[in-house]
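J.: need a 3D model of the sequence below.
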Amino acid sequence: MKHIAQILKSKPDQKVYTIGSMLSVYDAATLMADMNIGALLVVDDGEFVGVISERDCTRKMVLSDRSPRETPVSAVMSSPVQYVRPSHTNEECMALMTDKRLRHLPVLDDGRLVGLLSIGDLVKDIISEQTFIIQQLEHYIAGDRGW
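T.: Residues are numbered from 1 along each chain as shown. Okay, the predicted model is just below:
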């Protein structure tokens, strides 16, 4: 079982993108598009207060018939937010994301934001682990026990 701290370290881009709750939904969507990401953590005065995702932008904005340039992030962000700690395992996070229908999980360590985990990060890790196990089994079956 791999801990989330290990998965975060293996991510090529460990930067966590944030936005203030009073900025516009248009600003959030623009930043997500520019960075090619699906969610932003909402931070006010250094405190983590929520998450805004592409889903929040599209569903909540279209259904409310509001202007994204005039609507603050706080009006559509998800809050309070489920989060995990670096000591949680991939399996625990996958279960939480499946149960709560989440695509992004903030990672907090002693209340400090240390990363953002996506469902894609977890799937990539599981595939990598399964590939390694398959290779090891293939070597074992072939009689190549040179480890």
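J.: list the buried residues for the worst-scoring helix or strand of the chain on mean pLDDT?
T.: Across the helices and strands of the chain, mean pLDDT, DSSP states H and E gives its lowest value to helix 61-64, namely a mean of 81. Residues of helix 61-64 classed as buried under the neighbour-count rule (16 or more other C-beta atoms under 10 Å) are M61. Heads up, the C-betas are built off the backbone N, CA and C, glycines and all.
J.: and the top helix by length along the chain, how far from the chain's centre?
T.: Counting by DSSP state H, the longest helix found in the chain is helix 119-141. Helix 119-141 has its C-alpha centroid displaced from the chain centroid by 21 Å (C-alpha atoms, centre = their mean, to the nearest Å).
J.: extract the CA atoms of it and return them as CSV.
T.: Output of helix 119-141 as CSV, limited to C-alpha atoms (Å, rounded to 0.1, in the frame of the first residue of the first chain):
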residue,chain,number,x,y,z
ILE,A,119,-8.6,10.6,-9.4
GLY,A,120,-6.1,10.4,-12.3
ASP,A,121,-3.2,10.5,-9.9
LEU,A,122,-4.6,7.5,-8.1
VAL,A,123,-5.5,5.5,-11.2
LYS,A,124,-2.0,6.2,-12.6
ASP,A,125,-0.4,4.9,-9.4
ILE,A,126,-2.6,1.7,-9.4
ILE,A,127,-1.8,1.0,-13.0
SER,A,128,2.0,1.4,-12.3
GLU,A,129,1.8,-0.9,-9.3
GLN,A,130,-0.2,-3.5,-11.2
THR,A,131,2.3,-3.3,-14.1
PHE,A,132,5.2,-3.9,-11.7
ILE,A,133,3.4,-6.9,-10.2
ILE,A,134,2.7,-8.4,-13.6
GLN,A,135,6.3,-8.1,-14.7
GLN,A,136,7.5,-9.7,-11.5
LEU,A,137,5.1,-12.6,-12.0
GLU,A,138,6.1,-13.0,-15.6
HIS,A,139,9.8,-13.2,-14.5
TYR,A,140,8.9,-15.8,-11.9
ILE,A,141,6.8,-17.9,-14.3
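J.: quick check: mean pLDDT of that helix?
T.: Average pLDDT, helix 119-141: 86.
J.: I appreciate the help and will end here.
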